[in-house]
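> just need the structure, nothing else, for what follows:
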Amino acid sequence: MLDAVETGRADLAVANISVTSAREEVFDFSRPIFASGLQIMVPAGGNSLSIWSILFSTDVLLAVIGAFALLFGGGMIMWRLERNAQPYFEGTAKQMAFPAFWWALNLVVNGGFEERVPRTALGRILGTFLVVASLFLVSVFVAKITSVLTVNAITSSINGPDDLYRQRVATVEGSTAAAFLDGRDIRYVGYEGLGGLLKAFESGKADAAVFNSPVLTYYTSTIGEGVGQMAGPVFMRENYGFALASGSSLAEPVNRLLLRLREDGTYARLYRKWFGTNPQ
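The predicted model follows:
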């Protein structure tokens, strides 16, 4: 498009054309028609932390299994030591599997049963050890879950460019967004054209798509509603404008018309229709 304007094959170019100092040396630009910039799109609902995904994560499940194993093992050792010393622990190993576990669980949670205090010397030593160890067991268990929650919150939430380093990022090859990602050393997959980018995003090949904010905003509010959602604010802000040949006589009438469209509310109405919000 810009080449067509520069060579005189077109009077002006209208698209998401960023007004830059380098282009201003070659072209004349109209008043800004759109305050834009780059923004990040993530899968709809994918930027919020799911409590179920955390509770059933490998780390938490291992911590829960470990806690159950310690309680069951401690209870069965106490049964072995106390089975001939008090009625509660009488019975076979199969019969006492749950009562012994229940005893150990109450020891950790409530400090044990007062009427079922260990009576043998080894049983009392083990009981004392379990009471003290339970303090560390509960602390470690709570710390484990807290750390998993914190790590998942950090790694799964995308609110800006700094959150993209551990994500699968996609953009349009050769675009302003690609140049920005290159400058920040953020790995990404570049697709040829917007269609390729959106197709990859819809198929789950990307955790985040980085591109021009109005293009992604339009997508999420129309054909991509329920598929993607915007994450974080607009960054690397830039303005779009009509590109005209240097010294073009069309610059003045185009600017007057653009001003009129803003003053009579036409611009705001069109903006709300296609982007779902008021102009910035």
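> can you pull out the helices in this protein?
2-6, 21-24, 51-55, 58-82, 97-110, 121-156, 176-183, 194-202, 213-221, 251-263, 266-275 (DSSP state H).
> relative to helix 97-110, how tilted is the fourth one?
Going by axes from the mean of the first three to the mean of the last three Cα atoms, to 10 degrees, helix 58-82 is angled at 110 degrees with respect to helix 97-110.
> what's in contact with helix 58-82?
Outside helix 58-82, the residues within contact range by Cβ atoms under 8 Å, 6 or more residues apart in numbering are 54, 88-89, 93, 96-97, 99-105, 107-108, 118-120, 122-123, 126-127, 130, 137, 141, 144-145, 148. (Each C-beta comes from the backbone N, C-alpha and C, glycine too.)
> flag every buried residue along it.
60, 63, 67, 70-72, 74-82 (16 or more other Cβ atoms under 10 Å).
> closest one of these to Y267?
Closest approach between those and Y267, by Cβ to Cβ: V60, at 51.7 Å.
> for stretch 14-25, give the mean pLDDT please.
In this model, stretch 14-25 carries a mean pLDDT of 87.
> pull out the buried positions in it.
Applying 16+ other Cβ under 10 Å to stretch 14-25 flags N16, I17, S18, V19 as buried.
> picking up where we left off before, which of the buried residues of helix 58-82 lies closest to E6?
Minimum distance to E6 across those is 60.5 Å, recorded for V60 (Cβ to Cβ).
> can you lay out the helices of the chain as TSV showing distance to R237?
Shown next, in TSV, are the helices of the chain (distance: least, Cβ to Cβ, whole Å):
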stretch	distance to R237
helix 2-6	21
helix 21-24	15
helix 51-55	34
helix 58-82	40
helix 97-110	56
helix 121-156	27
helix 176-183	11
helix 194-202	20
helix 213-221	9
helix 251-263	19
helix 266-275	16
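> worst average pLDDT in those?
helix 51-55 (a mean of 57).
> can you tell me which of the helices of the chain is packed in deepest?
Neighbour counts averaged per stretch over the helices of the chain are highest for helix 213-221, at a mean of 20; criterion: mean count of other Cβ atoms under 10 Å.
> and the angle for it with helix 194-202?
50 degrees.
> residues making contact with helix 213-221?
With Cβ under 8 Å, 6+ apart, helix 213-221 has contacts from 16, 34, 36-39, 41, 44, 194, 198, 209, 227-230, 234, 274-277.
> from G73, how far out is the nearest residue to V117 once chain neighbours are set aside?
Leaving aside its sequence neighbours, V117 sits nearest to G127 (Cβ to Cβ, 6 or more residues apart in numbering; 7.3 Å). The gap separating G127 from G73 is 14 Å, by Cβ to Cβ, to the nearest Å.
> do you know how far the residue nearest to the spatial centre of the chain is from A209?
When Cα atoms, centre = their mean is applied to the chain, the residue found nearest the centroid is S157 (2.8 Å). Separation of S157 from A209 (Cβ to Cβ): 16 Å.
> now do the contacts for P233.
With Cβ under 8 Å, 6+ apart, P233 has these contacts: Q39, G160.
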